[in-house]
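Chemist: Give me the fold of what follows.
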Amino acid sequence: MKVLVIGGAGYIGSHVVKSLLNAGHKVTVFDNLSSGREENLFSNAGFFKGDILDPIGLAKAFQADDFEAVIHLAAFKAAGESMLKPEKYSVNNITGTINILNTMCEYDVKRIVFSSSAAVFGEPVRLPIDEDHPKNPENYYGFTKLEIERFLEWYDKLKGIKFAALRYFNAAGYDIDGEISGLEQSPANLLPVIMEAAVGMREKLQIFGNDYDTPDGTGVRDYVHVTDLAAGHVLALEYITEKNESLTVNLGSESGLSVMELLEEARKISGKEIPAQIVGRRPGDPAKLVASSALAKEKLGWTARYSDCETLIRTSWNVYKDRLNNLFE
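Modeler: Model (predicted):
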């Protein structure tokens, strides 16, 4: 299948491109490289540098091949920033997605896999979180993802565009085979922050609260390996193609890891002290978030194969360790 991966030079996008290529698909990447990296591009995939806010540039990319599907990963994703700059998130995430959908209509592309988020749920009212859990986003980023899901439902009804909306929990780790090594730019997620502290890219890790009702007092989250996420995209694309029906599913490991568990495993694997400081809780941070991925298993045959603590840390350290060595060469 000919697939256009929008945001395919980014952290998750590059892993998705690799999985698509391995599955035998013909892949073209569309990315503005604002957060994606050229080093994440594959020589056997095409590349267009462009922005989803530029309908003319999008049209040129669509004209280059008879694409049969789109995978959309081109969103701003910093939850905190979204509360300060909602206009930025409105324009990029919502307007940009509408541009993609309208271009798909123009060029008669009928399949899209969308990178959604567990941020659509907000504060959990029950655990594990399944697809029917109430949706009450607590940040504007999550709101944009939920609105896009609603747009997709309408474009399905009105234009026949079949979609898979994949609600990620916490993406983490790096390519199991070690082929992808482009670091995230200005990461806000826990694991890359731990890694940056390990290699001296930042002074220390801040732990936001150690008095939660969890076994060690630190927050527990569902971390899913990025290689597992990438596999989910391929399976979702195959599903909407074969079944000709849309799908919304959670992709999580179904097991929680605490901040301290990840930190201690990182210290063990890296052999580094990794300075850490306990600070106050962040407003709105729940004690525990864990997914149910039963529907993804039922519909897609998907399971999180690489999302254990050791693999998450080891694959991340392998990438950051190389950066540490480069600092001293």
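Chemist: State the distance from the residue nearest to residue 251 when sequence neighbours are not counted to residue 23.
Modeler: Closest residue to residue 251 apart from its sequence neighbours, by CB to CB, 6 or more residues apart in numbering: residue 232 at 4.8 Å. All C-beta spots, glycine's among them, are computed from the backbone N, C-alpha and C. Residue 232 sits 12 Å away from residue 23, taking CB to CB, to the nearest Å as the criterion.
Chemist: quick one: which of these two has more around it?
Modeler: residue 232 (26 against 16; other CB atoms under 10 Å).
Chemist: ok, which stretches of this structure are strands?
Modeler: Along the chain, the segments classed as strands by DSSP state E run 2-6, 26-31, 46-49, 69-72, 111-117, 162-168, 170-172, 205-208, 220-225, 247-251, 256-258, 276-279.
Chemist: The residue nearest to residue 251 contacts residue 302, correct?
Modeler: Yes. Using CB atoms under 8 Å, residue 232 is in contact with residue 302, at 5.1 Å.
Chemist: any common contacting residues for the two?
Modeler: Common neighbours of residue 232 and residue 302, counting by CB atoms under 8 Å, 6 or more residues apart in numbering, are 251, 296.
Chemist: tally of neighbours for the closest residue to residue 88 other than its chain neighbours?
Modeler: Nearest-residue entry for residue 88: residue 76, 6.5 Å, with adjacent residues in sequence omitted and distances by CB to CB, 6+ apart. Per other CB under 10 Å, the neighbour tally for residue 76 reads 17.
Chemist: Same question for residue 52.
Modeler: Using other CB under 10 Å, residue 52 has 24 other residues around it.
Chemist: how close does it sit to residue 211?
Modeler: Residue 52 is 42 Å from residue 211, by CB to CB.
Chemist: Give me the neighbour count for residue 264.
Modeler: Neighbours around residue 264, by other CB under 10 Å: 15.
Chemist: How about the contacts made by the nearest residue to residue 248 once chain neighbours are set aside?
Modeler: Spatial nearest neighbour of residue 248, chain neighbours left out: residue 165 (4.4 Å); criterion: CB to CB, 6+ apart. Contacts for residue 165 (CB under 8 Å, 6+ apart) come out as 114, 116, 148-149, 152, 246-249.
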